[in-house]
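In: below are the sequence and a predicted model; questions follow.
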Amino acid sequence: ELQAELAGVQHGRDILRVEAVQSEHERDVMHNELSRLRSQLALSQRQASEARQRGDHLMATQVKAASTSEELSSANEELAGRVSDLKAETKSLKEETARLKERI
């Protein structure tokens, strides 16, 4: 009877050893998965940072382009004013030339 009880205890101990090995294996698997997820997170964070930098650069480029566009528009308006002034001056010179020719 004691031998049967001893055999039962030994069997129970063997089961606990197997469960301990399985638990250790599961812990290792979970640890590996956690490491993989941490690496993936670090990669995602780097990619997000790079994307933000590209976005910042794009925004700066757009601001510069808008500024350049405004400068060009202003220069075009200024040139249009000068052209108008030159046309008026040319007209005035033609009229004065015509008067001088009449006097001659």
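Out: Right, received. Where do you want to start?

In: any idea how far residue 45 is from the most centrally placed residue in the chain?
Out: Relative to the mean C-alpha position of the chain, the nearest C-alpha, by Cα atoms, centre = their mean, is the one of residue 51, at 2.6 Å. Residue 51 is 11 Å from residue 45, where distance means Cβ to Cβ, to the nearest Å. From N, CA and C alone the C-beta is placed, and that goes for glycine too.

In: common neighbours of the two, please.
Out: By Cβ atoms under 8 Å, 6 or more residues apart in numbering, residue 51 and residue 45 have no common neighbours.

In: and the pLDDT at residue 72?
Out: Note on residue 72: pLDDT of 95.

In: check which helix or strand covers it.
Out: helix 2-103 (DSSP states H and E).

In: now do that helix: distance to the chain's middle.
Out: Counting by Cα atoms, centre = their mean, to the nearest Å, helix 2-103 is centred 0 Å from the centre of its parent chain.
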